[in-house]
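In: Pasting a predicted model and its sequence here:
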Amino acid sequence: MTQSQPNPHPTPSAASLVSVKDVSMVFPTGTVALQNASLEVAAGEFISLIGPSGCGKTTLLRLLADLIRPTSGSIRIGGKTPEEARKSRAYGYVFQAPTLMEWRTVLQNVMLPLEVMGVPKAEHKPRAERMLALVGLEKFARHYPWQLSGGMQQRVSIARALAFDPQLLFMDEPFGALDEITRENLNLELLRLWRETGKTVIFVTHSIPEAVFLSTRIVVMTPRPGKIETVIPVDLPQPRSFETRETTRFFEIATQVREALRKGHGFEVQE
Ligand SMILES: Nc1ncnc2c1ncn2[C@@H]1O[C@H](COP(=O)(O)OP(=O)(O)OP(=O)(O)O)[C@@H](O)[C@H]1O
């Protein structure tokens with residue numbers, strides 16, 4: 001089996017869509033949430049960030065999304081600073097819990113970013129309907145969020161994040177609160193969406209099988225201070241299916257991820 005190697009400046013570098021160079025984030029409390037993180041992501045990749053609680057996964061995503069600013073280092077998204085990328089709506093963001101507006105219907109929730117962005121009014125409804133069809137919820141357009149299950153609400157959040165057609169999607173543990181079967185179904189749906197739309201996804205998870213199933217590469221992170229331990233390529237063929245999870249290669253890669261996580265945990269114990 002291939003051993004994972006520390007890879008602080010992973011490929012690809014030339015045509016990176018997301019470029020993170022030597023980024024550190026120290027909060028005013030003194031917590032080093034991220035130390036010298038470097039990562040290059042090419043257009044079309046599906047990247048998972050995995051690691052124990054507190055290793056800086058959400059911090060890295062928030063830095064990319066310009067929700068916070070790094071203490072040092074540089075971030076570029078399509079050659080732009082995170083602030084420029086945010087202002088030009090270069091990415092969509094899906095949070096851990098669906099953040100839908102209870103008083104708006106499903107369709108109206110998906111239309112919201114289009115209204116905010118000043119997209120011509122005539123386009124709002126057809127575009128939102130197309131997005132709802134992509135996540136299989138076209139029949140629920142007139143429902144309110146509270147009439148839907150948690151998994152369905154999270155699909156609405158994904159449709160909303162896709163509505164203005166960003167090339168890049170940040171997803172922070174979007175399926176963490178769901179039962180295993182719903183989660184596996186949504187994993188499959190997300191992969192289909194990723195293939196059909198050609199988007200680049202950066203996805204936070206705690207689940208090894210989820211990371212292996214979804215990703216083209218897995219970024220293993222370790223805490224105290226938050227660091228990128230290693231980056232593991234996932235060479236499972238596309239398109240993936242439920243059977244992919246039963247293959248020997250799937251288990252080999254899952255073991256590689258588990259070992260990298262344990263190695264990181266060892267550092268934590270020694271401190
Ligand atoms: N605004 C903040 N102020 C101070 N410390 C913070 C802040 N946000 C995060 N931290 C700290 O930074 C570290 C990394 O947090 P972060 O939320 O990025 O971890 P995570 O890997 O996403 O964890 P989880 O898996 O539990 O969501 C933690 O020690 C956390 O307590």
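Out: Everything's here; your move.

In: need the residues of the stretch 151-271 of the chain near the ligand, please.
Out: residue 226 (Cβ under 6 Å from any ligand atom). (Each C-beta comes from the backbone N, C-alpha and C, glycine too.)

In: which sections of the stretch 151-271 of the chain are below the confidence cut-off?
Out: In the predicted model, the stretch 151-271 of the chain carries pLDDT under 70 at residues 266-271.

In: Contact partners for residue 247?
Out: residue 236 (Cβ atoms under 8 Å, 6 or more residues apart in numbering).

In: Taking the stretch 151-271 of the chain, what residue is nearest to the ligand?
Out: Nearest residue of the stretch 151-271 of the chain to the ligand (Cβ to the nearest ligand atom) works out as residue 226 at 5.4 Å.

In: Could you say which helix or strand holds residue 67?
Out: Of the helices and strands defined by DSSP states H and E, none includes residue 67.

In: count of neighbours near it?
Out: 14 (other Cβ atoms under 10 Å).

In: Please report phi then psi for it.
Out: When read as degrees, to the nearest 10, the backbone of residue 67 gives phi -80, psi -20.

In: returning to what we had before: around the residue of the stretch 151-271 of the chain closest to the ligand, how many other residues sit close by?
Out: Residues near residue 226, counting by other Cβ under 10 Å: 23.

In: Quick check: the gap between it and residue 168.
Out: Applying Cβ to Cβ, to the nearest Å, the value for residue 226 to residue 168 is 22 Å.

In: residues in contact with the most centrally placed residue in the chain?
Out: With distances taken as Cα atoms, centre = their mean, the residue of the chain nearest its centroid is residue 203 (2.0 Å). Residues counted as contacts of residue 203 (Cβ under 8 Å, 6+ apart) are 46-49, 171, 174, 211, 214-215.

In: from those residues, which is closest to residue 33?
Out: Closest approach between the contacts of residue 203 and residue 33, by Cβ to Cβ: residue 49, at 13.0 Å.

In: I figured the closest one hits residue 60, correct?
Out: Yes - taking Cβ atoms under 8 Å as the definition, residue 49 is a contact partner of residue 60 at 6.3 Å.

In: who has more neighbours, the two?
Out: Neighbour count, other Cβ under 10 Å: between residue 49 and residue 60, residue 60 has more, with 28 against 25.

In: measure the more buried one to residue 88 for me?
Out: Going from residue 60 to residue 88 by Cβ to Cβ gives 21 Å.

In: which residues in the stretch 51-200 of the chain form strands?
Out: Taking DSSP state E, counting those that start in this stretch to define them, one finds strands in the stretch 51-200 of the chain at 72-77, 91-94, 168-172, 200-205.

In: tell me the most buried of these?
Out: Counting by mean count of other Cβ atoms under 10 Å, strand 200-205 has the highest mean neighbour count of the strands of the stretch 51-200 of the chain, with a mean of 25.

In: ok so, going back, Throw together a PyMOL command that grabs the buried residues out of the contacts of residue 203.
Out: Selection of buried members from those for PyMOL, criterion 16 or more other Cβ atoms under 10 Å:
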select buried, resi 46+47+48+49+171+174+211+214+215
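
In: From the contacts of residue 203, pick the one nearest residue 78.
Out: residue 47 (15.4 Å).

In: and whichever strand or helix holds the closest one, anywhere near the ligand?
Out: Taking DSSP H and E as the definition, residue 47 sits inside strand 46-50. No - residues of strand 46-50 are not located near the ligand by Cβ under 6 Å from any ligand atom, the shortest gap being 7.9 Å.
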